[in-house]
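Peer 1: What shape does this take:
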Amino acid sequence: MTSQNPVFIPGPTNIPEVLRKAVDLPTVDHRSPVFGGILRPALEGVRKVLKSATAEIFVFPATGTGGWEVALANTLSPGDKVLASRNGLFSQRWIEMCRRHGLDVTVVEQDWGEGVPADRFEEILTADTSHRIRVVLATHNETATGVRSDIAAVRRALDRAGHPALLYVDGVSSIGCFDFRMDDWGVDIAVTGSQKGFMLPPGLAILGFSAKALAAVEAAKLPRTYFDIRDMRDGYAAGSFPYTPPVGLLNGLKVATDMLLDEGLENVFARHHRIAEGVRLAVSAWGLRLCAARPELWSDSVSAIRLPEGFDGNRIVARALGTYGVAFGTGLGEVAGKVFRIGHLGSLSDAMALSGIATAEMVMADLGLPVRLGSGVAAAQEHYRSSTVPAQRQAA
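Peer 2: From the prediction side, this is the model:
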């Protein structure tokens, strides 16, 4: 039997039926006006989700990693200096990509469980009196550790240092899940993908460029062809793409942004927070703790749960999938085997979250961890009952 259980990995996320149908299109002539009627609303919808009045939106057939490359290749040159922190696997991968492109990266090392160190960034930027640092990289939500960083604080650090560096933000597992304010936070490039907050299959790298980022494009010397935003811009002007577009996914993006905006972004964020709080209360009831070091760092899209010393978290993930047909996330990088992850983002309701919490309890009991069946479920139930909202406002 094909499993109908929801997934609790931090992406790809559960796909609502309406989006599955939106992606499932017959062949469309992408040189016809029909495609422009899909493309333009999708781009405008993304701009609204980013809370930007002025950002120029680009969507490439790729994933979030491709989006990082779009950001770097279109605005930088070999040898340019970049400032970043390494506080999880995805920030580490962005740093590695910079180095492969011949960029000079200053890395601030952080414990995996900490956020982006805005205060340390400010010190480094203040000391860079010749303004050699061209770009500051920040991972809004570190998916490997369940840590949310304060992007507004990073912007304040740049401003207090009086530094002109561009600010690039990885919002792959935050945008469409919790508050992201591209204009208010002075983000120059925002990067995300289709498979998380937008509730679609993987396949789209989604970016917002500020005017300041766009101004850097012509001087950039890193090689780019497929990812050249100038070609994409020309294609958009004609209601088209510079090459064959993923029409079904773009139609899905149009419908997904409509869904998010119809629910209301603040309601979307409140739903994610409410569901995440239930998971966190369950974790506490189990006598466990999160990888994220402090409550202000807790992510509303994924919880990385630390396990007792010597216990391999991969056993939980394998048992859940093999016995109960439910997918949780493994630990990655430095926390591999030390945590398992519950993704609570995208298309999720209170009832769906409870099924994941209950399954996690069964698995841990099966494996001999001292978890009392029903303890986490009860803690989450009490929270959901006291913070309930009408069912029609939950993502279906």
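
Peer 1: hang on, residue 242 is in a strand, isn't it?
Peer 2: No. Going by DSSP: H, G, I helix; E, B strand; the rest coil, the assignment for residue 242 is coil, not a strand.

Peer 1: okay but it is in contact with residue 233, surely?
Peer 2: No. Between residue 242 and residue 233 there is no contact under Cβ atoms under 8 Å: 9.1 Å. Every C-beta, even on glycine, is put in place using the N, C-alpha and C of the backbone.

Peer 1: pLDDT score for the residue positioned nearest the centre of the chain?
Peer 2: Most central in the chain under Cα atoms, centre = their mean is residue 173, positioned 1.4 Å from the mean C-alpha point. The model reports residue 173 with a pLDDT of 97.

Peer 1: Could you pull out the buried residues of stretch 348-363?
Peer 2: 348-350, 352-363 (16 or more other Cβ atoms under 10 Å).

Peer 1: For whichever helix in the chain runs longest, buried residues please.
Peer 2: If you go by DSSP state H, the chain has its longest helix at helix 265-285. For helix 265-285, the neighbour count (16+ other Cβ under 10 Å) marks 265, 268-283, 285 as buried.

Peer 1: I'd assumed residue 196 was in contact with the residue nearest to the centre of the chain.
Peer 2: Yes. When contacts are counted by Cβ under 8 Å, residue 173 is listed as touching residue 196 (5.1 Å).

Peer 1: Common neighbours of those two, please.
Peer 2: 10-11, 301, 345 (Cβ atoms under 8 Å, 6 or more residues apart in numbering).

Peer 1: can you pick the most crowded of those?
Peer 2: residue 301 (30 neighbours; other Cβ atoms under 10 Å).

Peer 1: all strands of the protein, in order?
Peer 2: 56-61, 81-86, 104-109, 133-139, 141-142, 147-148, 166-170, 189-193, 204-209, 289-290, 302-306, 329-330, 339-343 (DSSP state E).

Peer 1: among the ones you listed, which is nearest residue 321?
Peer 2: strand 329-330 (10.4 Å; Cβ to Cβ).

Peer 1: What strands line up against the closest one, and which way round?
Peer 2: Here strand 329-330 is paired, per DSSP bridges, with strand 339-343 (antiparallel).

Peer 1: From the chain's centroid, how far away is the strand it pairs with?
Peer 2: From the chain centre to the centre of strand 339-343 is a distance of 15 Å (Cα atoms, centre = their mean, to the nearest Å).

Peer 1: same deal with stretch 180-196?
Peer 2: Using Cα atoms, centre = their mean, the offset of stretch 180-196 from its chain centre is 10 Å.

Peer 1: Straight-line length of that stretch, end to end?
Peer 2: 14 Å (Cα to Cα, to the nearest Å).
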